[in-house]
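Colleague: Return a 3D structure for these sequence lines:
(chains A and B)
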Amino acid sequence: MSDTAAQPRDDDAEEPDDAANADGSAAADGPADADGPAAGPVSTGAESVVAALEAAGAETAFGVQGGAIMPVYDALYDSSIRHVTMAHEQGASHAADAYGVVAGEPGLCLATSGPGATNLVTGIADADMDSDAVLALTGQVPTEFVGNDAFQETDTVGVTRPITKHNYFAHGADTVGDTVGEAFELSRAGRPGPTLVDLPKDVTQAETDETPGPAAPPAGTDPDPNADADAVEEAARAIEAAERPVCLFGGGVIKADASDAARTFARTYGVPVTTTMPGIGSFPEDDELCLSWAGMHGTGYANMAITHTDCLIAVGTRFDDRLTGGIDTFAPEAEVVHVDIDPAEISKNVHADYPLIGDAERVLDQLTAAVREAPDAEAWRERCAEWKETYPLTYATPEDEPLKPQFVVEAFDEATDDDTIVTTGVGQHQMWASQFWTYTEPRTWVSSHGLGTMGYGVPAAVGARVAADTMGEPDRDVVCFDGDGSFLMTMQELSVAVREDLDITIAVLNNEYIGMVRQWQDAFYEGRHMASDYTWMPEFDKLAEAFGALGLRVDDYDEVAPAVEEALDYDGPAVIDFHVDPEENVLPMVPSGGANGKFATAEDQL
Amino acid sequence: MSGDSSDSRPATDGGVSEADSRPAPSEQPGPEERDHPEGRRNLEGIRIDPVVEAEHASRRAVISALVEDEPGVLARVSGLVSRRQFNIESLTVGPTTVEGHSRITMVVEETDPGIDQIEKQMAKLKPVISVGEVAGDAVTSELVLLKVEADDPAAVHAVSEMYDGRTVDAGPETITVELTGDNASIDNAIGAFERFGIVEIARTGPTALARGNTPTAPGEKPGTAGEPTTHDD
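Modeller: Reported below is the predicted structural model:
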């Protein structure tokens, strides 16, 4: 077994010939036709793994080679699955996550044992918090070495247990294909989430002729999509009787492909709509009924509506603390109708007066059918419209201050079509990207919400671009808004975008701070800028050029539009380093644990 | 493609120049200038009735789960309990007579919504077949092994008999007694043995079964945890 134990991890100097196959271009020959229920004949555990993935419909994988996963990569050599080699395993897990969000299919990522697997962890945890369907396959040392602290051994199943829906340790070549198929299906069954299969090298190397059977999720994990009919009737009566109803559409609406059902429900009964951040795009933000998203940096009018509603119709949301603020003041006078596929979310954070357990699309259809007359909410809609007038999302642009980051977001929104996919890192730039872009379609907002992973943006743009291309939509734009801090964390994936010739545009809103921390230091730590000063950033435009991408730098308002146009027109990855006002704050803001209705609109109100 | 905002002034939607009538954030009504509702929720997210403000008190509950006996199942359950900060007193696990199935019995101290959450989170674990709170009148029993100093063997024997104990090991230095019973009677017995000087102690924590035909973990199908018990004899 010394071949495994001594195997170098991604030592490309020794394997120049293999690099060609690993970069995905060689494996992509011929159209993928993976829509068969039964897998083809196999001769090893690794071939069984790949056959199961193909049979389940996987078209794309993101990963990094390494000793213990080599048998699986070898089996990918002849597969219809396109493999995109990433620069870092964290990038592979984020790319797979974003691919899944855009494509509506589980994302697939691969890594070797030990450091390969632990590098995936951030992306797996991110997918877990955002309920994204991702299957991670990790190499493992041969079974007989497990527990001996062998070279590149980590207890991957133990490490990822709390951040996966379920994980598996493969026990034999005869069953490994079925296990992988089950894990793939489980990731998207019911409430989606990440799954992982740990693949010891002896299992993938061993001979087998057991072809994996049709994949299915484990018993009991694919719940009834319909809510209880009596419960739906009761909820419908509450909605009819409401005077101040508001919808709150969460990420579950997008995952269930329930945007049409959500639009029909809200428009049929004239119910104003707020969304959560992951729910952005579930309802068009340019619709008269739409109040955009609520929460810490949500719109003032969404937070006012949530605070004053008497009937909150919440669909596919887990009432995260960034949404609710202090639980005591969250929608304090509302009866709550809570639709969710996961019974454990019902009354976890906010008590549900009308729990409806089921698939968002089906239950919204049930509700649309069950409500007999629209609630009498004309006065309420007018009040919501007044709040929209009183608390608009705006920003000041004094002549003597540097370029405002919000302006950059708006310039990109103006220059692109509605189907443009936006990815972000985490921080101030993420908030501006969500506030000052008008989202109208689901699966166009791709961000890290629950985990708040700085560095998500660039690998997510890679995953989103590959997904759009795979779906036959190469003309859609992919724009990544990133911060200087976030960009520095994962920008090595720019090398992948260059190698794969991916048409993405990265807008770094560079304020030379880890800006959200700086904002909090100013508000809550007496302006003591400990470790938040990022004046040591490299010149990102030159760095982009070094990678082989287009690199631009913008300092002033009049340079914005031409640079945006040049970057969007450029056929390949482009990076614009926007040097923006370092002192700009994200507003409005509900302080942690505060009342949503008491959002601050200026720093001195915090 | 691009807008015509090539002049030096912002021309897009949100940017407010001096000529714009829409208020910039700093000019919008502040938090204290707005209406705020009177209502409140408690920490469990339940709207508080101002007349009867009901806070849930925590209580002791026995939760039983029938699980697939696969590697790591105990780690999944205990990891869930610690990660979600559930207050747990004890956890026991043992095989059933059905191959591949085990029963886990947990004693928790939680509010009603907390107990509900434990059950629902447990139910999401793939190896958990069924889970629920054991009915209040269930049979619960715990085993303890008590090693005491053997200075007065007759007195140890007498106390042991009082609590239906059984001497399982006796030597010149120590006597080990085995006791079973519910939580409270075990506590009492330990109190009674303390005067001899307790050398070592090992307790299992309670296990439980529902009475009669009631399934122990709600939703559990008859026969999933044991062989059928009715015979035609």
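
Colleague: B:Thr176 reaches B:Ala150, doesn't it?
Modeller: No. Between B:Thr176 and B:Ala150 there is no contact under C-beta atoms under 8 Å: 9.7 Å. In this view, the C-beta of every residue, glycine as well, is placed from N, C-alpha and C.

Colleague: what sits in contact with each of the two?
Modeller: B:Ala170 (C-beta atoms under 8 Å, 6 or more residues apart in numbering or on different chains).

Colleague: Let me know how buried A:Asp286 is, in neighbour terms.
Modeller: A:Asp286 has 9 neighbouring residues, counting by other C-beta atoms under 10 Å in any protein chain shown.

Colleague: Tell me how far it lies from A:Leu76.
Modeller: Distance of A:Asp286 to A:Leu76, given as C-beta to C-beta, to the nearest Å: 44 Å.

Colleague: Now do stretch A:138-155: everything it contacts.
Modeller: Residues from elsewhere that reach stretch A:138-155 (C-beta under 8 Å, 6+ apart): A:1, A:4-6, A:9, A:66-70, A:72, A:110-118, A:120, A:156, A:169, A:171, A:196-204.

Colleague: Swap in 6 Å and give it another go.
Modeller: Contact with stretch A:138-155 is made by A:1, A:5, A:68-69, A:111-114, A:117-118, A:156, A:198-202, as judged by C-beta atoms under 6 Å, 6 or more residues apart in numbering or on different chains.

Colleague: Residues of the stretch 501-606 of chain A that sit close to chain B?
Modeller: A:557-558, A:561, A:564-565, A:587, A:597-598, A:601-602, A:605 (C-beta under 6 Å from any C-beta of the partner chain).

Colleague: who wins for most neighbours among the residues you listed?
Modeller: Counting by other C-beta under 10 Å, top hit in those: A:Val564 with 29 neighbours.

Colleague: Packing partners of the helix or strand hosting that residue?
Modeller: In this structure, A:Val564 is located in helix A:557-569 according to DSSP states H and E. Applying 3 or more C-beta pairs under 6 Å, 6 or more residues apart in numbering or on different chains; DSSP states H and E, we find helix A:557-569 packed against helix A:405-415, strand A:550-554, strand A:574-579.

Colleague: Past the first one, which element shows up next along the chain?
Modeller: Towards the C-terminus, the helix or strand next in line after helix A:405-415, according to DSSP H and E, is strand A:421-424.

Colleague: elements contacting the next helix-or-strand element following that following strand?
Modeller: Next helix or strand after strand A:421-424 toward the C-terminus (DSSP H and E): helix A:428-435. With contacts taken as 3+ C-beta pairs under 6 Å, 6+ apart, helix A:428-435 sits against helix A:405-415, strand A:421-424, strand A:478-483.

Colleague: switch to 7 Å and redo it
Modeller: helix A:405-415, strand A:421-424, strand A:478-483, helix A:515-524 (3 or more C-beta pairs under 7 Å, 6 or more residues apart in numbering or on different chains; DSSP states H and E).

Colleague: Neighbours of B:Glu200, how many?
Modeller: The burial count for B:Glu200: 10, using other C-beta under 10 Å.

Colleague: a helix runs through it, doesn't it?
Modeller: No. Applying DSSP: H, G, I helix; E, B strand; the rest coil, one finds B:Glu200 to be strand, outside a helix.
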